[in-house]
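> fold the following.
(chains A and B)
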Amino acid sequence: MVKTVALGVALTLWLWGQEPSVMVEKNCLSCHKAHAIPSELIYRRYLLRYSTHEAMKQAIVSYLSNPNPKNSIMPSPFFVKFPMKQSSTLDKPTLLRSTEEFLDYFDIKKRFSSGSY
Amino acid sequence: MYSSERKSFIRFLIIYLGSTFVLFFVALVIFYHYQKNQIITHQMQTLEIKSQYIKSHLRILHETYDSVLIYPVVEGLDSGIYTLEKQYIVGTFDKPVSFETFMRHDSKHLLHVSKIEPYYLGGAYLVIRKPIDYSPLETLQYNSTLFMLIAGAFFIALGIYLGRLFIAPMREYIKTMKDFIQDTTHELNTPISVILANIEMLETFGKCNTHKEFERIQIASKTLSILYDDLTYLNLNHHYYRTIQSVDLSELLRSRCLYFDAMIQDKMIDVTLLITPDSRVDMDARDAMRLMDNLISNAIKYNKPKGALMIELTHEHLIVEDGGIGIEQTKIDQIFNRFTRLSSSQGGFGIGLSIVRQIIVHYGFVLSIDSKLHKGTKVMVRWSKQ
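Below is the predicted model:
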């Protein structure tokens, strides 16, 4: 139990210490932070719907290419609270890579620690 | 135990025990597999409950989404969650385990795969692996073996008992046949020896007391003749054709008394004949003769030397009463059984009264026997059909 707790604490510190890549910071988080858009919530919602990073990436890119509520899996009140994103001006490869790094940054696997209930 | 009896006994035991064993074994195998499936199903149901438990914790983890997520560990089993593309996300393993490795067939483990909907923490599949708990199966195996042993011992004992029970009539029959062959040898030997000895005496001493020698030859020949007739009657009873006619029993009885005269004289029996003239009965003449011959020869054979013999014939009945050795009350019912002899000191096969009974039954006569041990026997045949 002690070992588990120690491991959990170490992982937390490591995660806090991990910074997003420049591309994610510049192309994604800078705007999210400016508008207080909950990136983690978005990631969790996409995770719940798509399971795999590949499927999530396809869905996110699809939305970013043509942002509208119909293309999004976020509930409609979300768009009332937060502004609708403008269509991305990034080229396709940059958009794909940014999305990949965004997903990697929030990757669920990094948050896990073994333990027992 | 005779060899044929032993063979039959062993064959019976082999067939009986073999078939019983096969039947029980098949039933036990079916029962064992059924129970095994029940046990495995029960353990699988336990895994289903555990999977629900893990899923509920996955949902909580997804909703709280703490900075550090602790995957639920359940004691005694391994589990893991996989994406929709069956990529390992997290589990209770030290290192990632591929879905294929997890699902690899392993007879020592139970595998349980269930879908997670929606995909909490990105998991689409929850896979659980648990070592099979063999303790109930070992108990089942022990109980099955014990049952087989107890049932085996019981059925062996039962088989031996039934085997002995089934071969008892055969044993009796073999013994009867053996006795019959011995009796036949003896019964034929005695009169033949008498005849040969007396012929030799006639040849050796010429004109010695020929009357006595001829008388002995006559008695021995008649004894042989009666034996032959009895055996023939028994042998052909079911095949020969009866000629039913009105038989003058009075005349027939007189002639049969004359026939037995030499034997009667030899034993110095005092005979009283009470014959109603022209007593007639519709029956086959040979049957009438066999009936009389057997009753009279028994009365002579089992009579005491210088004993009494009373024969009474009327239109209603025939009575043959002797002052001989008599029959025990408990054995009266047995005397009609074929090859039953109440005294081994007297000759005969024990078939005389069996023949008498056959005739009585065939014609619907009524037979009654009154006997007192050491005092004599009274046999009465009523021509009730008349």
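
> drop to CA atoms for contacts and neighbour counts, all remaining ones
Noted.

> for burial, what's the neighbour tally of residue 44?
Since no chain was named, I'll use chain A. 22 (other CA atoms under 10 Å in any protein chain shown).

> hmm, no, I was thinking of chain B.
So B:Met44, with other CA under 10 Å, has 17 neighbours.

> does it touch B:Val113 like I think?
No - counting by CA atoms under 8 Å, B:Met44 does not reach B:Val113; the two are 10.6 Å apart.

> for B:Ser56, list the residues it contacts.
For B:Ser56, no contacting residues are found, by CA atoms under 8 Å, 6 or more residues apart in numbering or on different chains.

> for it, give me the pLDDT.
At B:Ser56, the predicted lDDT confidence score is 96.

> got it, and A:Met84?
pLDDT, A:Met84: 84.

> and the helices in the chain?
Went with chain A since none was named. Secondary structure of chain A by DSSP state H: the helices cover A:2-17, A:22-24, A:30-34, A:39-50, A:53-65, A:76-81, A:92-105.

> I was after chain B.
Using DSSP H, helices in chain B cover B:3-64, B:99-103, B:135-205, B:210-236, B:249-259, B:261-267, B:285-301, B:352-363.

> could you dump stretch A:83-95 to CSV, C-alpha only?
What follows is stretch A:83-95, C-alpha atoms only, in CSV (Å, rounded to 0.1, in the frame of the first residue of the first chain):
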residue,chain,number,x,y,z
PRO,A,83,-17.1,30.4,-28.4
MET,A,84,-17.4,28.3,-31.6
LYS,A,85,-14.0,27.7,-33.0
GLN,A,86,-13.1,29.3,-36.3
SER,A,87,-12.1,27.0,-39.1
SER,A,88,-8.4,26.0,-38.8
THR,A,89,-6.0,27.8,-41.0
LEU,A,90,-3.3,25.1,-40.4
ASP,A,91,-2.3,22.9,-43.3
LYS,A,92,-3.4,19.3,-43.1
PRO,A,93,-0.1,17.7,-41.9
THR,A,94,0.3,20.4,-39.2
LEU,A,95,-3.3,19.9,-38.1
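
> pull the distance from the helix-or-strand element of chain B with minimal mean pLDDT to the chain's centre.
Every helix and strand of chain B was ranked by mean pLDDT, DSSP states H and E. The lowest is helix B:210-236, at a mean of 76. Centroid displacement of helix B:210-236 relative to its chain, using CA atoms, centre = their mean, to the nearest Å, is 39 Å.

> and it, what other elements does it pack with?
helix B:135-205, helix B:261-267, helix B:352-363 (3 or more CA pairs under 8 Å, 6 or more residues apart in numbering or on different chains; DSSP states H and E).

> ok and the longest one relative to helix B:3-64, angle-wise?
With axes from the mean of the first three to the mean of the last three CA atoms, to 10 degrees as the basis, helix B:135-205 and helix B:3-64 are set at 170 degrees to each other.

> report pLDDT for residue 49.
In the absence of a named chain, chain A is used. 94.

> can you look at chain B instead?
Value for B:Ile49, per-residue pLDDT: 95.

> closest residue of chain B to chain A?
Residue of chain B nearest chain A, by CA to the nearest CA: B:Gly122 (4.0 Å).

> look up the closest residue to that residue, ignoring the ones flanking it.
Distances taken as CA to CA, 6 or more residues apart in numbering or on different chains put A:Ser51 closest to B:Gly122, at 4.0 Å, once the chain neighbours are dropped.

> and the end-to-end length of stretch B:68-84?
Using CA to CA, to the nearest Å, the end-to-end distance of stretch B:68-84 comes to 23 Å.

> buried deepest among the helices of chain B, which one?
Ranked by mean neighbour count, those are led by helix B:285-301 with a mean of 20 (mean count of other CA atoms under 10 Å in any protein chain shown).

> leaving out the residues flanking it, which one is nearest to B:Ile369?
Closest to B:Ile369 by CA to CA, 6+ apart is B:Val379, at 4.6 Å.

> who's that neighbour bridged to?
Beta-bridge partners for B:Val379, by DSSP bridges, are B:Val320, B:Ile369.

> list the contacts for it?
So B:Val379 contacts B:295, B:319-321, B:367-370 (CA under 8 Å, 6+ apart).

> a markdown table for those residues, including pLDDT?
Formatted as a markdown table, those follow (pLDDT from 0 to 100):
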| residue | pLDDT |
| --- | --- |
| B:Leu295 | 91 |
| B:Ile319 | 95 |
| B:Val320 | 94 |
| B:Glu321 | 94 |
| B:Leu367 | 90 |
| B:Ser368 | 90 |
| B:Ile369 | 90 |
| B:Asp370 | 90 |
